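Asker: Sharing a model that was predicted from the sequence below.
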Amino acid sequence: MKKQKIIIDTDPGHDDALAIMLMEKSKLFDILAITTVAGNSTIQNTTNNARFVLDLIESEIMLYSGAGAPLKQKLIKADVHGDSGLDGIVISKQEKLTNNAIDKIIENVINSPDEVIILALGPLTNIAQAFIKEPSIISLVKSIVIMGGAINVPGNKNRVAEFNIFVDPEAADIIFQADIKKILVPLDVCNDVFFTLDDFKCIDDLKLYKIIYDMMIKYIDNIYVFEKTKGAIMYDPVAAYYLINPQAFTAVEMNVQIETHGKLTRGMTVADKNLWSEEEKNVSVIQSVNKKEFREDFFRIFNN
Ligand code: RIB
Ligand code: CA
């Protein structure tokens, strides 16, 4: 059976790293490209980290670096991933930045019209820039799965905004206004999906386990400091899992807009909760995931 074509746009990031490994090791997808964006750390660091992950799993997926800053504001990095974006791992190799992620997104979508799904795991800057540069691709993208937003829970970067949207609200607004199939995997679902260090002992490959252990011990410490959760929150792997097993999720169609001006609310995903309203429903908002199936499939795939 023909494999689903995927572009993974990402800002590794401990959870991004696991999501990339999950997607590649699942062997279910034709991953056309990994495109990196500044977010959890600088574009140099997120690209270094992406290369580290691809080398770790001996993957040949093409890697292209993208935007080093959001569309309108300066980069505000995450706290939980450390300065390098992959606290716990020492990376000395500086990956050469290709600076062509936007063109590669455009090229891959034009070459495979109506076939490419974009998995967006970081700020939406690259994808928005691709839509600005070549608006014709908006109707050619099959769908976009976005880890981001907070609907009925607090934000994790200000009182109401989730990090990926907060970093580049203008980019998110372009995506949410675009006539494209959007699936949003918000904090409402991800916050409750986390693994402890003990859970990672389910990984059989000792070399892989030791590296993931070194990554996770730092990530878990940082998550507790900033989120008070006692485990590694699986934000991006949950979003990736939607593509692996969509039946494990429930969703509701909503109208969601992005706040780009609010002094206290900039970056908020503002949902119309009157589901009976005539407002056009522009997003499928994920409401739940079967955590047991996620955990079982996660470790089954990592032991592939
Ligand atoms: O809010 C969680 C998101 O922000 C995840 O994608 C994580 O990697 C960070 O980028
Ligand atoms: Ca991310």
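Answerer: Everything's here; your move. Ligands and ions are numbered 1, 2, ... in the order given.

Asker: ok, now how distant is the residue nearest to the spatial centre of the chain from ligand 2?
Answerer: By CA atoms, centre = their mean, the chain has its centre lying nearest to Leu121, at 1.2 Å. Applying CB to the ion, to the nearest Å, the value for Leu121 to ligand 2 is 4 Å. Yep, even glycine has a C-beta here, placed from its N, CA and C like the rest.

Asker: Same check on Met268?
Answerer: In terms of CB to the ion, Met268 sits 19 Å off from ligand 2.

Asker: For that residue, name its beta-bridge partners.
Answerer: Ala161 (DSSP bridges).

Asker: isn't it right up against Lys157?
Answerer: No - using CB atoms under 8 Å, Met268 is not in contact with Lys157, being 10.3 Å away.

Asker: Pick out whichever of the two has more residues nearby.
Answerer: Using other CB atoms under 10 Å as the criterion, Met268 and Lys157 rank with Met268 on top: 25 against 19.

Asker: List the contacts of Thr98.
Answerer: Residues near Thr98 by CB atoms under 8 Å, 6 or more residues apart in numbering: 63-65.

Asker: picking that back up, per-residue pLDDT of the residue nearest to the centre of the chain, please?
Answerer: We have a pLDDT of 99 for Leu121.

Asker: The one 4 residues further on now?
Answerer: You'll see Thr125 listed with a pLDDT of 98.

Asker: Report the spatially nearest residue to Glu134, omitting neighbours in sequence.
Answerer: Excluding the flanking residues, the one nearest Glu134 by CB to CB, 6 or more residues apart in numbering is Ile106, at 4.6 Å.

Asker: Name the residues of this structure found near ligand 2, please.
Answerer: 11, 13, 16, 121-122, 236 (CB under 5 Å from the ion).

Asker: Would you mind confirming that Ala101 makes contact with Ala67?
Answerer: Yes - here Ala101 reaches Ala67: they are 7.3 Å apart, a contact under CB under 8 Å.

Asker: shared neighbours, these two?
Answerer: With CB under 8 Å, 6+ apart, Ala101 and Ala67 have common neighbours 37, 126.

Asker: and the residue of the stretch 151-300 of the chain nearest ligand 2?
Answerer: Asp236 (4.9 Å; CB to the ion).

Asker: Quick one: residues in contact with the longest helix belonging to the chain.
Answerer: In the chain, with assignment by DSSP state H, the single longest helix is helix 206-227. Helix 206-227 is contacted by residues 14-15, 17-18, 56-57, 79-82, 86-89, 156, 191, 194-197, 200-201, 203, 229-233, 302 when judged by CB under 8 Å, 6+ apart.

Asker: For the residues you listed, I'd like a selection string for ChimeraX - just the buried members, please.
Answerer: A single ChimeraX command suffices to select whichever of the contacts of helix 206-227 are buried according to 16 or more other CB atoms under 10 Å:
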select :14,15,17,18,56,79,80,81,82,86,87,88,89,156,191,194,195,200,203,231,232,233,302
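
Asker: Just the ones in helices from the contacts of helix 206-227, please.
Answerer: Per DSSP H, the subset of these in helices is 14-15, 17-18, 56, 302.

Asker: Could you restrict the residues you listed to the ones contacting ligand 1?
Answerer: Asp15 (CB under 6 Å from any ligand atom).

Asker: quick check, nearest of the ones in helices among the contacts of helix 206-227 to ligand 1?
Answerer: Asp15 (4.7 Å; CB to the nearest ligand atom).

Asker: Name the SS class of Lys5, please.
Answerer: strand (DSSP: H, G, I helix; E, B strand; the rest coil).
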